[in-house]
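K.L.:
Kindly generate the corresponding structure for this input.
(chains A and B)
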There are 2 protein chains.
Amino acid sequence: MVKNNLNEFEVIRTYFARQPLARPDVVLGIGDDAAVLEVPAGRQLVVSTDLLIAGVHFPENTAPAAIGHKALAVNLSDLAAMGATPAWFTLNLSLPQADPAWLDGFCRGLFALAGTYNVQLVGGDTARGPLTIGIQICGLVPSGQALTRAGARPGDRIYVTGTLGDAALGLLCVQGKIELPAAQRAQVFERLNFPLPRVAAGERLRGLASACIDISDGISADLGHVLEASGVGARIELPRLPVSPAYAGAFATLGWAPALAHGDDYELCFTIPASREPAFRRVSGELGVACSYVGDIEAEPGLRIVDEHGRDYRPPAAGYDHFRADQRS
Amino acid sequence: MVKNNLNEFEVIRTYFARQPLARPDVVLGIGDDAAVLEVPAGRQLVVSTDLLIAGVHFPENTAPAAIGHKALAVNLSDLAAMGATPAWFTLNLSLPQADPAWLDGFCRGLFALAGTYNVQLVGGDTARGPLTIGIQICGLVPSGQALTRAGARPGDRIYVTGTLGDAALGLLCVQGKIELPAAQRAQVFERLNFPLPRVAAGERLRGLASACIDISDGISADLGHVLEASGVGARIELPRLPVSPAYAGAFATLGWAPALAHGDDYELCFTIPASREPAFRRVSGELGVACSYVGDIEAEPGLRIVDEHGRDYRPPAAGYDHFRADQRS
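P.N.:
Below you'll find the model as predicted:
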């Protein structure tokens, strides 16, 4: 029974229909059987979706504002990886009970980030069940200019935005497995709970990057997807991987594995052909985040990771499998 | 951690990337950070989403093909209510384990219906968790021609497609609360598990219907939304409500309540102004389903339901509230 009544509608009216944003291209928003949206001429629609489950994708006791922020951030990050400009999203929310304090916090985190990126909630569905958040996001890109995983060519340079491994470090702190000074602890918690999607960088990289992906599963896995889609290989150098001062300070405990393979950082990994390096350098100040050169695309398939001594490094973990019983965060 | 690895990707590749449909407007489908889609000039985008949770929206032991069918059908029904033509959808699937037999059945039901309506799966996310299906659907409508809930005016006639109450009757059979002859039992199970969204009817009603909604919560609740959005009232006559022979045969047990208030039928309820009645009658053979005149829009707010003796009828239930503990299917 896909059923509703006034109390479920009250949840929607009280919390979700009150976003302080009204885009002019939303012809009809929340409140009918569907939203009606205007796509301008010369633009293609870019669509992505992500699912977050309590106890799987975030600890059960995560602050509701962080959950609201992160559920949207991971979707915005997918649009950033395509070079798309965010426009609209829908929300499927299953929650154990209609707790006003929780809903208030969740919407605060959700709508704060939505406001930053001018993206409007245009529909959704709520039901009682285990805490699960599904967001589907729509963005726009000038026709033919979407960034994909498939365009990397031998000789292209590989870059990443920001720093890697801070979300992993934040989680290790939450779990009590590592201790940090208070200021650094606050910084890595911020990276874990309130990641900032690199939307401005993605938009600026249109016409410059030959391939782009967001780092949700760790650079080794995600760059691997680019290599596979592009039919190329790569070599990256560990000492070039950008890490934060907090990560560098805990390096003796961490090593390279969390920066390479944990993910959850939502930075972009992209490739720049040599011919576009000068143009890329000219806009690099406008990306909203620093970029680091980490290695090169090569013709030989496979990802080669070399350490500070030039020796092959083998990452300890290949990724995360949602259907294996021994992996839960 | 929004994480993936090869096994999760294998689930996607083996089951979800194999839909036997490739629309020419899908520039980039499953396999990148997002899908890229072409919206033709002169069309508006129509977006809706629905969430189905095992044990809440369908019994836990429902056949996987029925779950796949229904999860998409309820979304197609929302597009039908807008007069939109289905185009693309995304899927968020949380499931307890990657069971090949279950996934195979689910995809069979999902893609059979998707093929019928030419709607392509362009993205999704899977994770391990309680069985929950979130689908977001995108359709297209000629600009300015979407049907909404807001256009009903006094004097408009109220129609419904098909028959009402069969899904309720099917559920009562599943629960062992009512017995039917085998053929009728099969018919109402089909209505419960494999509802057919009235997409062709919705498309044909563009330019004719002044308001339209799909009946997911029962005609009394859903027509109520039309009345509220349109700022009008209505009078419907119980003897005019279309019911199936199975429902009519069990009427002594059922009464009118399941046909009025259970929902889950996914028929359309729409209003036709008197001036468009002749044009509506001309296309009524092309809607793919019979339509029944059930009452009239009136200026006085509120829904008046009268029985076969012309007396006021008061529906026993106002609807379904997902956040009340005493209501679970």
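
K.L.:
what does stretch A:185-193 rub up against?
P.N.:
Residues outside stretch A:185-193 that contact it (C-beta atoms under 8 Å, 6 or more residues apart in numbering or on different chains) are A:62-63, A:66, A:69-70, A:166-167, A:169-171, A:173-174, A:180, A:244, A:246-247, A:264-265. The C-beta positions use only the backbone N, C-alpha and C, and glycine is treated the same way.

K.L.:
to the chain's geometric centre, what's the distance from the lengthiest helix in chain A?
P.N.:
For chain A, the longest helix by residue count, based on DSSP state H, is helix A:64-82. When C-alpha coordinates are averaged (C-alpha atoms, centre = their mean, to the nearest Å), helix A:64-82 and its chain have centres 6 Å apart.

K.L.:
And the helices in chain A?
P.N.:
A:6-11, A:64-82, A:100-116, A:166-174, A:182-193, A:199-204, A:219-230, A:245-249, A:251-254, A:257, A:277-283.

K.L.:
filter the contacts of stretch A:185-193 down to the ones near chain B?
P.N.:
Judged by C-beta under 8 Å from any C-beta of the partner chain, the overlap between these and the neighbourhood of chain B comprises A:167, A:171, A:264.

K.L.:
nearest to A:V122, of those?
P.N.:
A:V122 has its nearest neighbour among those in A:D264, at 27.4 Å by C-beta to C-beta.

K.L.:
Leaving out the residues flanking it, which one is nearest to A:L72?
P.N.:
Taking C-beta to C-beta, 6 or more residues apart in numbering or on different chains as the measure, A:L72 lies nearest to A:L113, with 5.1 Å between them; neighbours along the chain are not counted.

K.L.:
you'd agree that neighbour is up against A:N75?
P.N.:
No: taking contacts as C-beta atoms under 8 Å, A:L113 lies outside contact range of A:N75: 10.1 Å.

K.L.:
if you count what's nearby, which of the two comes out ahead?
P.N.:
Comparing A:L113 with A:N75 by neighbour count (other C-beta atoms under 10 Å in any protein chain shown), the higher total belongs to A:N75, at 28 against 22.

K.L.:
Which residues are in contact with the more buried one?
P.N.:
Counting by C-beta under 8 Å, 6+ apart, the residues that A:N75 touches are A:48-50, A:89, A:135-137.

K.L.:
and if you look at A:C212?
P.N.:
Residues in contact with A:C212, defined by C-beta under 8 Å, 6+ apart, are A:81-83, A:147-149, A:202, A:205, A:268-271, B:33.

K.L.:
count of residues packed around A:Q145?
P.N.:
Count around A:Q145 with other C-beta under 10 Å applied: 15.

K.L.:
I meant to write A:A229 there.
P.N.:
17.

K.L.:
and it, what pLDDT?
P.N.:
Confidence at A:A229, expressed as pLDDT, is 97.

K.L.:
try A:F58
P.N.:
Per the predicted model, pLDDT is 87 at A:F58.

K.L.:
coming back round to it: tell me the buried residues in the longest helix of chain A?
P.N.:
Neighbour-count burial for helix A:64-82, with 16 or more other C-beta atoms under 10 Å in any protein chain shown as criterion, is recorded at A:64-82.

K.L.:
now do stretch A:151-170
P.N.:
So for stretch A:151-170, counting by 16+ other C-beta under 10 Å, buried means A:151-152, A:156-170.
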